[in-house]
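# Have a look at this fold, sequence not included:
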């Protein structure tokens with residue numbers, strides 16, 4: 001596989017006009033973290049995306065084989081963040097400046113696999129798994145296992161964010177899905193640790209600022225990844241790893 005990536009600081013993109021991510025970051029800094037919007041279901045996600053043109057990016061990447069992607073087992077991702085370098089062995093080059101934010105989701109169910117998420121997405125007329133990465137909890141795929149989705153391998157836009165700015169986030173933000181229902185059950189320590197390593201690696205290599213790492217509830221009409229997601233500890237760990 002061709003691997004072309006630039007990590008030079010000199011290639012860092014110039015800051016353009018204000019983006020939806022700028023507005024979301026400012027809002028998150030001011031907001032009471034206890035205040036959350038109500039949960040939406042998959043059908044609502046599709047409806048919202050369709051309403052604002054987000055569905056364009058759900059189908060724009062072209063269809064992928066069911067569950068297509070690459071698994072990065074937990075044992076291969078337990079070390080330092082640079083142990084995740086394999087995620088940059090993509091089929092299409094990772095171009096500097098393409099990815100400007102990260103959005104974290106949960107799957108909404110305690111058990112799941114990339115294949116089951118892919119099937120669920122297709123039942124909603126989406127072209128396969130909408131997230132770029134999936135992190136397992138041991139119920140379906142390994143605890144802390146990272147699935148690299150076909151959209152990331154092809155460097156295609158995602159189909160993971162709803163709301164008025166869905167187009168921007170699906171085009172410019174990396175979608176990461178944690179298997180689990182964060183409204184009812186805590187995520188496993190290995191899962192959160194692997195998420196932190198993954199996000200840290202993506203931020204460092206792609207020059208994504210920490211304040212552009214969002215939860216879905218920060219940018220769309222959702223409570224995902226749920227009230228039990230350990231946001232404070234996650235952000236503290238992320239700061240400590242920089």
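Thanks, I have it. Since we're looking at a predicted model, the values are computed, not measured.

# contacts, neighbours, all on C-alpha from now
Will do.

# by contact count, what packs against the biggest helix by length in the chain?
Longest helix of the chain, by residue count under DSSP state H: helix 189-206. Helices and strands touching helix 189-206, by 3 or more C-alpha pairs under 8 Å, 6 or more residues apart in numbering; DSSP states H and E, are strand 133-137, strand 143-149, helix 231-240.

# will you turn those into TSV that also has mean neighbour count?
Listed next are the helices and strands packed on helix 189-206 as TSV, based on neighbours: other C-alpha atoms under 10 Å:
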stretch	mean neighbour count
strand 133-137	29
strand 143-149	26
helix 231-240	13
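
# Any chance of a markdown table for the ones you listed, columns mean pLDDT and distance to residue 161?
Formatted as a markdown table, those follow (pLDDT from 0 to 100; distance: least, C-alpha to C-alpha, whole Å):
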| stretch | mean pLDDT | distance to residue 161 |
| --- | --- | --- |
| strand 133-137 | 97 | 14 |
| strand 143-149 | 95 | 16 |
| helix 231-240 | 94 | 19 |
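
# Dump these to TSV, plus distance to residue 198.
What follows is the helices and strands packed on helix 189-206, written out as TSV (distance: least, C-alpha to C-alpha, whole Å):
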stretch	distance to residue 198
strand 133-137	9
strand 143-149	9
helix 231-240	10
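
# circling back: between the longest helix of the chain and strand 143-149, how many degrees?
Between helix 189-206 and strand 143-149, the angle comes out at 40 degrees (axes from the mean of the first three to the mean of the last three C-alpha atoms, to 10 degrees).

# Quick check: buried residues in helix 189-206?
190-203, 205-206 (16 or more other C-alpha atoms under 10 Å).

# how about low-confidence regions in this protein?
1-18, 20-21, 23-68, 74-82, 242 (pLDDT under 70).

# In it, what residue spans correspond to helices?
20-30, 42-51, 55-60, 114-123, 150-153, 166-172, 189-206, 216-219, 231-240.

# mind checking which of the helices and strands packed on helix 189-206 is nearest residue 104?
Residue 104 lies closest to strand 133-137 among the helices and strands packed on helix 189-206, at 9.7 Å (C-alpha to C-alpha).

# List the neighbours of that closest one that are in contact with it.
112-114, 142-149, 152, 175-180, 187-188, 190-191, 194-195 (C-alpha atoms under 8 Å, 6 or more residues apart in numbering).

# repeat that for 7 Å
Contact with strand 133-137 is made by 114, 142-149, 175-179, 188, 191, 195, as judged by C-alpha atoms under 7 Å, 6 or more residues apart in numbering.

# Each with direction, which strands does it pair with?
In the sheet, strand 133-137 lines up against strand 143-149 (antiparallel), strand 173-178 (parallel) (DSSP bridges).

# So which of the helices and strands packed on helix 189-206 is nearest residue 19?
helix 231-240 (22.1 Å).

# tell me the angle of the closest one relative to helix 189-206?
Using the same axes, to 10 degrees: helix 231-240 against helix 189-206 is 40 degrees.

# who does helix 231-240 touch, helix- and strand-wise?
Packing contacts for helix 231-240, counted by 3 or more C-alpha pairs under 7 Å, 6 or more residues apart in numbering; DSSP states H and E, involve helix 189-206.
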